[in-house]
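**Student:** Sequence below, structure please.
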Amino acid sequence: MSIALYRIDDRLIHGQVVVGWGQPLELGFIVLVDDEVAASEWEQELYRMGVPPEMTVHFLSVDDAADGLLAFQRDTRSGIVLTGDIETMSRLVMRTDGSIRTVNVGGVHHATGRTARLRYVFLTPAEEVGLRAIERLGVDVTAQDVPSARPVGLDELLNTTHDG
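**Tutor:** As a prediction, the model looks like this:
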């Protein structure tokens, strides 16, 4: 099955990823790409607690994930590659020479300097530029919080202001 979803979600592993996406996609593994988490056994143990025992979790740096991406794409199980921010996904896309064709913006939550684009996506101007840069690399970037929701294309996302 290989990689079913490349997702940006600042909460990383949580119920919406494990259950909301995991069950419909029948996930067998998650690749959490985060340089800091990859170096922290304590954080890894916290994230493992939110994952059922039959699901494998790999905690990798951007470089290690890029180097191992082909093996994950060849895995017979379905998997998800997950980053916590746009910058990390952008670095991963750049390091993988066109093998990532779609990116899902699933949760970038409120913080100072961010504008609400959807109820689950708040972006700074720099993050908007980052998403456009990913798109320029030939990647289809959409926002979608759960599988049953309509995917929102990048143009629509960046031209929407949510006030709720």
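
**Student:** Would you double-check that I3 falls in a strand?
**Tutor:** Yes: with DSSP: H, G, I helix; E, B strand; the rest coil as the criterion, I3 is located in a strand.

**Student:** contacting residues around it?
**Tutor:** I3 makes contacts with 31, 69, 72-73, 79-81, as judged by Cβ atoms under 8 Å, 6 or more residues apart in numbering. Using the backbone N, CA and C atoms, a C-beta is placed for each residue, glycine as well.

**Student:** now those residues as a markdown table including distance to I134, secondary structure and neighbour count?
**Tutor:** Shown next, in a markdown table, are the contacts of I3 (distance: Cβ to Cβ, whole Å; DSSP: H, G, I helix; E, B strand; the rest coil; neighbours: other Cβ atoms under 10 Å):
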| residue | distance to I134 | secondary structure | neighbour count |
| --- | --- | --- | --- |
| V31 | 18 | strand | 23 |
| L69 | 16 | helix | 23 |
| F72 | 19 | helix | 18 |
| Q73 | 18 | helix | 15 |
| G79 | 20 | strand | 22 |
| I80 | 17 | strand | 26 |
| V81 | 13 | strand | 25 |
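
**Student:** which one of those residues sits closest to L131?
**Tutor:** Nearest to L131 among the contacts of I3 is V81, at 16.6 Å by Cβ to Cβ.

**Student:** The closest one pairs with what?
**Tutor:** Note on V81: beta-bridge partners by DSSP bridges are Y6, V31.

**Student:** ok, it touching S2?
**Tutor:** No: the criterion here is Cβ atoms under 8 Å, and V81 misses it with S2 at 10.3 Å.

**Student:** Find residues that contact each of those two.
**Tutor:** Shared contacts of V81 and S2 (Cβ under 8 Å, 6+ apart): F72.

**Student:** Is I13 part of a helix or strand, or is it coil?
**Tutor:** Three-state call for I13 (three-state DSSP): coil.

**Student:** tell me the phi and psi of the nearest residue to it once chain neighbours are set aside?
**Tutor:** The spatially closest residue to I13, leaving aside those adjacent along the chain, is Y47, at 4.5 Å (Cβ to Cβ, 6 or more residues apart in numbering). Backbone torsions of Y47, given as degrees, to the nearest 10, read phi -70, psi -40.
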